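Enquirer: Predicted structure and sequence below. I'll ask about it afterward.
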Amino acid sequence: MRFRFKDFKVYQDAKTFCKVCREIVRENIRNRDQNLASQIERALNSIVLNIAEGSADNSDIEFARFLGISIRSVYEVVAGFDLALLYEMVTPEQGEKIEADAHELVKQLSGFRQSLKIG
């Protein structure tokens, strides 16, 4: 049995985004603020896991809801890194890169969501 979410480009791109962000968390945030690191990591996991979970149902309406949760989780990641920037745990360049990548991921998730037959 093949899990269909593994074939979605947005799923692959979300995994890449998560990996890059987790490396930054591990190298710059975790040792300085365990709570913030944990919150960002949970939001990162949520992006990918909600794509997978939403794809399990045959309802496009339900899948669109899960993609919406993934989008909100991207926003949470951006806010977490914005706090890390405020607290001088990441560089402005890292913050800008994360925001640019997050913006592209949100566009991709939104486009995928709009392509579903939800009404």
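Expert: Perfect, thanks for sending it.
Enquirer: I'd say residue 95 and residue 87 touch.
Expert: No. Under the criterion of CB atoms under 8 Å, residue 95 makes no contact with residue 87, lying 11.4 Å away. All C-beta spots, glycine's among them, are computed from the backbone N, C-alpha and C.
Enquirer: which of the two has more neighbours?
Expert: Under the criterion of other CB atoms under 10 Å, the comparison of residue 95 against residue 87 puts residue 95 first, with 18 against 12.
Enquirer: Spatially nearest residue to the more buried one (excluding sequence neighbours)?
Expert: residue 85 (4.3 Å; CB to CB, 6 or more residues apart in numbering).
Enquirer: show me what contacts that neighbour?
Expert: 91, 92, 94, 95 (CB atoms under 8 Å, 6 or more residues apart in numbering).
Enquirer: mind checking which helix or strand it is in?
Expert: helix 60-86 (DSSP states H and E).
Enquirer: quick one: buried residues of that helix?
Expert: 60, 62-64, 66-67, 70-71, 73-74, 76-78, 80-81, 84-85 (16 or more other CB atoms under 10 Å).
Enquirer: now swap in stretch 22-32 and tell me
Expert: 22, 24, 25, 28, 29, 30.
Enquirer: Straight-line length of that stretch, end to end?
Expert: Using CA to CA, to the nearest Å, the end-to-end distance of stretch 22-32 comes out at 15 Å.
Enquirer: Quick one: mean pLDDT over it.
Expert: Averaged across stretch 22-32, the pLDDT comes to 98.
Enquirer: before we move on, what about stretch 105-119?
Expert: 92.
Enquirer: now do stretch 72-82
Expert: Per-residue scores along stretch 72-82 average to 98.
Enquirer: what's the offset of it from the middle of its chain?
Expert: Distance, stretch centre to chain centre, for stretch 72-82: 8 Å (CA atoms, centre = their mean, to the nearest Å).
Enquirer: Quick one: residues in contact with it.
Expert: Contacts for stretch 72-82 (CB under 8 Å, 6+ apart): 21, 24, 36, 39-40, 43-44, 46-47, 50, 90, 94-95, 98-99, 102, 105-106, 109.
Enquirer: again, 6 Å this time
Expert: The contact list for stretch 72-82 (CB atoms under 6 Å, 6 or more residues apart in numbering) reads 39, 40, 43, 44, 46, 47, 95, 98, 99, 102, 105, 106.
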